[in-house]
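Colleague: Next come a sequence and a model predicted from it.
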Amino acid sequence: MHVAHFGHSCVLVELNGKKILFDPGAFSHGFEGLTGLDAIAVTHQHADHIDPHRIDPLIEANPGARLLSDPQTAELRGAAWEALHAGNVVDLDGLRITGGGGRHAVIHPDLPVIDNTVFQLGTAANPTQFVHPGDSLWVPSTPVDVLAVPAAAPWMKISEAVDYLRSVAPRLAFPIHYGIIAEQAWGVYFSRLDEMRKADTEFTVLRPENDAEL
């Protein structure tokens, strides 16, 4: 699995010969020139996960990419987008994409809760080789190989991020969703996740616009 991080929640995953770009949002940079994508996947409608000013040029540069998102984003964006509900399965010629979760984490009880699809990549035998939860703490029912774990958010405490990482217990995790905090504060969040993870989970940091084989 080859993974590139473009900041915040924007991640490019190359798996089973397919390239999937997740959440090209307003706090992310460097994804604009990507071509050859097999799919563009958006977990939910917030601008830090789908930049309304840069999404259309990205789609134009990748005319063959399937456009997958949570149901509400698909409704907002139009017929070209496919709604991936929890439990839905999409086959990209050997790469299995399974929807999970369904709802965004609660930001405040006074605010409406929107849709959020958790994207799980893999095969029929191993459906959770990679998991991008978007803005949720939904735990998959099958063992996870690589988890993109939210590190900081208005809807989450550090203790919740640690508990989520422990509950999923992936082979490897790397942090996402930290574009809302200053770079000087990254270590505060990353160190808690690293120090308090389960012993059999490896934790690594992919700095924005860097990539790695995981």
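Modeller: Everything's here; your move.
Colleague: what's near enough to touch the residue sitting nearest the centre point of the chain?
Modeller: Central residue of the chain (C-alpha atoms, centre = their mean): His132, 3.2 Å from the mean position. Counting by C-beta atoms under 8 Å, 6 or more residues apart in numbering, His132 touches 9, 11, 13, 22-23, 41, 43, 118-119, 148, 176. From N, CA and C alone the C-beta is placed, and that goes for glycine too.
Colleague: His44: how many residues sit nearby?
Modeller: 24 (other C-beta atoms under 10 Å).
Colleague: Please apply the same query to Ala148.
Modeller: 25.
Colleague: which residues of this protein fall in helices?
Modeller: 55-61, 71-77, 158-168, 186-196 (DSSP state H).
Colleague: Show me what the first one is packed up against.
Modeller: Counting contacts by 3 or more C-beta pairs under 8 Å, 6 or more residues apart in numbering; DSSP states H and E, the secondary-structure elements packed against helix 55-61 are strand 39-42.
Colleague: Mind exporting the C-alpha coordinates of the strand it packs on to CSV?
Modeller: Extracted C-alpha coordinates of strand 39-42, given in CSV (Å, rounded to 0.1, in the frame of the first residue of the first chain):
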residue,chain,number,x,y,z
ALA,A,39,-11.9,7.4,-7.6
ILE,A,40,-12.3,10.6,-5.6
ALA,A,41,-13.9,9.8,-2.2
VAL,A,42,-15.5,12.4,0.1
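Colleague: Tell me the spacing between the residue nearest to the centre of the chain and His177.
Modeller: In this view, His132 and His177 are 10 Å apart by C-beta to C-beta, to the nearest Å.
Colleague: Give the residues shared as contacts by the two.
Modeller: Contacts common to His132 and His177, judged by C-beta under 8 Å, 6+ apart, are Ser9.
Colleague: Pull the residues that contact the lowest-mean-pLDDT helix or strand in the chain.
Modeller: When each helix and strand of the chain is scored by mean pLDDT, DSSP states H and E, strand 210-213 comes last, with a mean of 88. By C-beta under 8 Å, 6+ apart, the surrounding residues in contact with strand 210-213 are 1-5, 12, 204, 206.
Colleague: Those residues in strands, which ones?
Modeller: 2-5, 12 (DSSP state E).
Colleague: any idea how far His85 is from Asp115?
Modeller: Going from Asp115 to His85 by C-beta to C-beta gives 9 Å.
Colleague: who has more neighbours, the two?
Modeller: Higher neighbour count among Asp115 and His85: Asp115, with 22 against 14, using other C-beta under 10 Å.
Colleague: From His49, how far off is the residue of the chain positioned farthest from its centre?
Modeller: Most distant residue from the mean C-alpha position of the chain: Asp110, 25.7 Å away (C-alpha atoms, centre = their mean). Here Asp110 is placed at a distance of 22 Å from His49 (C-beta to C-beta).
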